[in-house]
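J.: structural data only, the sequence is not supplied:
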């Protein structure tokens, strides 16, 4: 056979084999090269371990943790198994990728990353709320970032001060607040789209919007008692975007907005949610009795739509099932 014709013959067989390998990985569960070799043999295709290793590398197939808890091959760009652990953000610079988490979760996240065997990842170092992921010099950073976003359910969400055009989300925000209060059986006072729109237009709210222009979360502020107090209220994250660290980002932006617009005011929040309390503690809030909060009657009128308003009223607005949290700039 002519050398050129022989070369074409070899290349044709290689391309066909790689296509079959890709189809096998996409359509089934392959845990090892031995399984892949046996599968090919049953289809009349012979390949050595060295050949398979080369084909797998050229296809960009990587090993991830499958639904059965075992490692399996997956083609690059296909979804990886999601983790229940929350990662708040991802940053990549050179050969280092940084994963930010809630305090105490870094070691567990590092273990998940190590077990996923993502191509291009050399290893991890875990702190308390930060994981350093070491990358190979020839790693595909976009592939690794995409894999982490899939694994930890991270969407590209922007958290910012709301703009006038965001009033289009007013109905979604109101519905999310009401549905969440029903699900949690808490006493969140119901708001109206007009009320939410007013906060947006006044520049007193923070909103989270996905890259697909979907409402992801919201919070707003309001001053009371002659601007001596500022309330951080209405923190909510849409169901689809929960478990992604968005509430912490919204809380941070809301706190910064409060400090910017009312630098001398005491900032307070009342809540029944443990997660919100924890975030407030991290920003320097402390639990206080209602007597340390604003006595502005207009603020407490906002509680009239709450199912627990009778409890608040019967205690002369000094106590209810909510916990009062206060940040005093003079103490900082």
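T.: Happy to help now that I have it. Computed from a prediction, not measured in an experiment: that's the story for all the values here. Numbering: from 1, shown residues only.
J.: now the helix or strand residue 269 falls within: how far from the chain's centre is it?
T.: Element membership of residue 269, judged by DSSP states H and E, is strand 266-271. Distance, stretch centre to chain centre, for strand 266-271: 25 Å (Cα atoms, centre = their mean, to the nearest Å).
J.: the helix or strand just after it - contacts with which helices or strands?
T.: Next helix or strand after strand 266-271 toward the C-terminus (DSSP H and E): helix 274-282. Under the contact criterion of 3 or more Cβ pairs under 8 Å, 6 or more residues apart in numbering; DSSP states H and E, helix 274-282 touches helix 246-261, strand 266-271, strand 323-327. Yep, even glycine has a C-beta here, placed from its N, CA and C like the rest.
J.: direction included, what does the second one pair against?
T.: Right, the one you point to is strand 266-271. strand 229-237 (parallel), strand 323-327 (antiparallel) (DSSP bridges).
J.: low-confidence regions, the stretch 151-300 of the chain specifically.
T.: Scanning the stretch 151-300 of the chain for pLDDT under 70 picks out 155, 184-190.
J.: please repeat the previous calculation with a cut-off of 80.
T.: Low-confidence segments of the stretch 151-300 of the chain, defined by pLDDT under 80: 153-156, 180-190, 211-212, 242-245, 272-275.
J.: still on that earlier bit, what sits up against the strand holding residue 269?
T.: 228-233, 255, 258-259, 276-277, 280, 285, 288, 290, 293-294, 320, 322-329 (Cβ atoms under 8 Å, 6 or more residues apart in numbering).
J.: in PyMOL, how would I select the buried members of the residues you listed?
T.: This is how PyMOL selects the buried members of these, with burial counted by 16 or more other Cβ atoms under 10 Å:
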select buried, resi 229+230+231+232+233+255+258+259+276+277+280+285+288+290+293+294+320+322+323+324+325+326+327
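J.: for the stretch 101-250 of the chain, what spans make up the helices?
T.: Along the stretch 101-250 of the chain, counting by DSSP state H, counting those that start in this stretch, helices occupy 106-116, 141-151, 170-184, 193-201, 246-261.
J.: to residue 133, which of these lies closest?
T.: Closest approach to residue 133 among the helices of the stretch 101-250 of the chain (Cβ to Cβ): helix 106-116, 6.2 Å.
J.: starting at the chain centroid, how far to that closest one?
T.: For helix 106-116, the distance to the chain centre is 17 Å (Cα atoms, centre = their mean).
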